[in-house]
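1. structure of the sequence below:
(4 chains)
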Protein chains: 2
Amino acid sequence: MNKAAEPKHENPSPRGARLVDIAAAVGVHHSTVSRVLNGDPAQSVRPETYERILKAARQQGYRPNALARALKRSRTSAIVLVMPLLRNPIWATIERGALGRAAERDYFVMMVQEPTEEPRPPAHYRYLVDEMRADGLLLATALRAPEHASTDPVVPHVYLNRRGPHKGNNVVMDEPGAVRLFVDHVAGLGHRRIALIDSRAAVDTVHRRATAARRICAARGLELTVKHAPPTEAGGFEATRALLAQGTPPTACGVGSLNQVFGVFGALRRAGIGIPAGMSVVSFDEDECLAYLDVPVTSVSMPYAELGGAAVDALIDRIERSATTADVLIREPMTLVQRVSVGAAPAG
Amino acid sequence: MNKAAEPKHENPSPRGARLVDIAAAVGVHHSTVSRVLNGDPAQSVRPETYERILKAARQQGYRPNALARALKRSRTSAIVLVMPLLRNPIWATIERGALGRAAERDYFVMMVQEPTEEPRPPAHYRYLVDEMRADGLLLATALRAPEHASTDPVVPHVYLNRRGPHKGNNVVMDEPGAVRLFVDHVAGLGHRRIALIDSRAAVDTVHRRATAARRICAARGLELTVKHAPPTEAGGFEATRALLAQGTPPTACGVGSLNQVFGVFGALRRAGIGIPAGMSVVSFDEDECLAYLDVPVTSVSMPYAELGGAAVDALIDRIERSATTADVLIREPMTLVQRVSVGAAPAG
DNA sequence: AAGTTGCTAGCAATCGATTGCACTCTGCAG
DNA sequence: CTGCAGAGTGCAATCGATTGCTAGCAACTT
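-> The predicted structure is shown next:
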């Protein structure tokens, strides 16, 4: 601690100005400054004092110390977003939606990456709230909840794009709706044998899509094959090869993730199967690049930014009003982006 | 010897246990607990007391309040990562590298998204340090620094994948090396007219690549065309069309971003130009999907995770040791991933 | 003239952890 | 028996902001 010569005596603190600094400049008590700056309605101040405080605060570039404030208020105004680290662009979209909404509501978002290879139970992230780094958790880890229903002291949290063990704090996409869009479209074109290539069933969204697909296909008398594979190019490739090895392969398939789409295309190309002549393909992830592939890919476009925003809203409601919110299902706008990878079923 | 029959001091705080709670349970002053838990070397405690403190802390699941600690220590152990919100997968990789390194060094990372449509100068993010939400800034906003050299009170910060107005706090990739890899490869196959399709020149990485390309091509007597376009599929598409409209179009091109690659492919396909027969293509972003396109794309693979990690190291060094670090250039491992989108130059 | 009201503002406790300093014991040397 | 060292702890200030309560003072009411 060598005494660094501070040439500027305006601000004794090495950091920014504090309440006491501007109080000293104006000649009032710092509590008065606090009330003025926070617009305390119970406080009345002479207009002149008011102006001088505001001016001094501006001049000194006052920024409230978020730590001290949070400590006193017992509220950090920060939330943690726990996300898997995947290349899938939907996560970026969800993130954008969440960050935007959080900013609107004056919250900070701290990101934590879920190690994909070794996912942790949501309870693992409790410490962030216990250490008072944040007020609540936005859990976007992909896996379904096999864990013990956590009855320990509850930390505000909301599950994003997955369902947790309890009702009331889940914000999810209308996956059955997306599946129906896909099935209706291809069934309308005469396809009777349908496939779903998706990530592993332990992923909640995948589970819901697969369940919905089975229900919908059963109701329509369609034959369904579900293939689970890693959400990568290689995963899509292998799943497609397995599909083609069937006696009577499907003629239309929905693909759960963008990366798998590339693999599906690769496998069909290698097998000499034309798209959509030999196989119709629909992606459940919409991305601009799909329009530029050798065969532009039809996809189901889902409102991921809204999903992120709605999850933030739900979490903040829980934090601020300790509200027992209801599960949120994001439906709109969900559209089928028709390009050319879907065609009529082959005759016969 | 008071045999406290586990008086189970009901934690009066609605949040987790505090130092005073475990101090009360053990029957010592909370300052003693603090020293024990922090392993203060200047402290001597009876082994028995030591054990009881540790046990009580464990029992009550003590978590230090990060806010109070940071307030007292004047250090938050958190850094902010400011990133553009782009679909480009390199950002996810940089992020992974940064988050991993930060975790190793016991720092938290708070993400802030740079609005892509309306980028802000780095100074805009100062408030995060001024409000003591973090100790420093990792600036990964893409634009080159046109701003006035900021001489105001310095906040610890490091520029990531771009260069700021000053030396010493920039961590960048060896873009000239990447360009050389590309040019050497295609020149070695006989190409004499080369193009670079990249984002706008205001982006620092783009500027460095373009500059390097001009220098290298000039030195080798190669003809170079640089096209700037948005880092999107549409951008790559348009740039390629413009290129093909030239009297004697180039026969090999490097493409700055993954999304543009799709556009380039689309435009070449539409123009009936084969890859690599009519045009060799190299991507400056490596991604697994490139291997699965109809013509697998040769790319330059760069160590983005290392870049993110090195930037975190540089920033933390600046924060903790207020060190005047040197600029960091990430070179290794940088490789040319050869696939099939590059071929010999057309004869003539 | 005394009491009441309203405006303006200060005092001090508080949030939870850290840390320099001081204090109380023992044991032991002088 | 006195003094002193050192082990083992406690006290209280501190970080910066918030907020319930108090207090001075002027104006206004009976």
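2. strands along chain A, start to end?
-> Using DSSP state E, the strands of chain A run over A:78-84, A:108-114, A:136-139, A:157-160, A:170-173, A:193-198, A:223-228, A:252-255, A:280-283, A:298-301, A:328-330, A:335-337.
3. and chain B, which of those strands is closest to it?
-> strand A:108-114 (4.2 Å; CB to the nearest CB). In this view, the C-beta of every residue, glycine as well, is placed from N, C-alpha and C.
4. A:L307: what's it in contact with?
-> A:L307 is in contact with A:I94, A:G97, A:L160, A:N161, A:V171, A:V172, A:M173, A:I330, counting by CB atoms under 8 Å, 6 or more residues apart in numbering or on different chains.
5. from those residues, which is closest to A:D40?
-> A:G97 (33.9 Å; CB to CB).
6. the closest one and B:Y50, how far apart?
-> According to CB to CB, to the nearest Å, A:G97 stands 49 Å off from B:Y50.
7. those two: who's more crowded?
-> A:G97 (22 against 14; other CB atoms under 10 Å in any protein chain shown).
8. give me the beta-bridge partners of the nearest residue to A:T225 once chain neighbours are set aside?
-> Take A:T225 and drop its neighbours on the chain: the residue closest to it by CB to CB, 6 or more residues apart in numbering or on different chains is A:A195, 4.5 Å away. Listed by DSSP bridges, the beta-bridge partners for A:A195 are A:T225, A:C253.
9. one more: A:L139?
-> A:V82, A:Y159.
10. give me the pLDDT for it.
-> pLDDT for A:L139: 93.
11. what's near enough to touch it?
-> A:V82, A:P122, A:Y125, A:H157, A:V158, A:Y159, A:L160, A:R162, A:G164.
12. from those, which shows the smallest pLDDT?
-> The minimum pLDDT among the contacts of A:L139 falls on A:P122, with 81.
13. without its sequence neighbours, what residue ends up closest to that one?
-> That would be A:L139: by CB to CB, 6+ apart, it lies 5.0 Å from A:P122.
14. returning to what we had before: which of the contacts of A:L307 tops the neighbour count?
-> A:L160 (31 neighbours).
15. was I right to think it contacts A:G308?
-> Yes. Contact status for A:L160 versus A:G308: in contact at 7.0 Å, counting by CB atoms under 8 Å.
16. mind listing the shared neighbours of the two?
-> A:I94, A:A98.
17. what's stretch A:318-332 in contact with?
-> Counting by CB under 8 Å, 6+ apart, A:75, A:79, A:135-136, A:156-158, A:163, A:167-174, A:177, A:302-303, A:306-307, A:310-311, A:314, A:317 sit against stretch A:318-332.
18. is any part of it close to DNA strand D?
-> No. Residues of stretch A:318-332 are not located near DNA strand D by CB under 7 Å from any atom of the strand, the shortest gap being 13.5 Å.
19. buried ones in that stretch, by neighbour count?
-> Using 16 or more other CB atoms under 10 Å in any protein chain shown as the burial criterion, the residues of stretch A:318-332 that qualify are A:R318, A:I319, A:T325, A:D327, A:V328, A:I330.
20. how far does that stretch sit from its chain's centre?
-> Distance of stretch A:318-332 from its chain centroid, counting by CA atoms, centre = their mean, to the nearest Å, is 15 Å.
21. can I get it as CSV, trimmed to CA atoms?
-> This file holds the C-alpha atoms of stretch A:318-332, laid out as CSV (Å, rounded to 0.1, in the frame of the first residue of the first chain):
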residue,chain,number,x,y,z
ARG,A,318,-41.1,-14.8,-9.0
ILE,A,319,-38.2,-12.8,-7.6
GLU,A,320,-40.1,-9.5,-7.1
ARG,A,321,-43.5,-10.7,-6.2
SER,A,322,-42.6,-14.1,-5.1
ALA,A,323,-45.4,-15.0,-7.4
THR,A,324,-46.5,-18.6,-7.9
THR,A,325,-46.5,-18.2,-11.7
ALA,A,326,-48.0,-20.7,-14.1
ASP,A,327,-46.2,-22.6,-16.7
VAL,A,328,-45.8,-20.6,-19.9
LEU,A,329,-46.3,-22.1,-23.3
ILE,A,330,-44.9,-20.1,-26.2
ARG,A,331,-47.0,-20.7,-29.3
GLU,A,332,-46.8,-17.6,-31.5
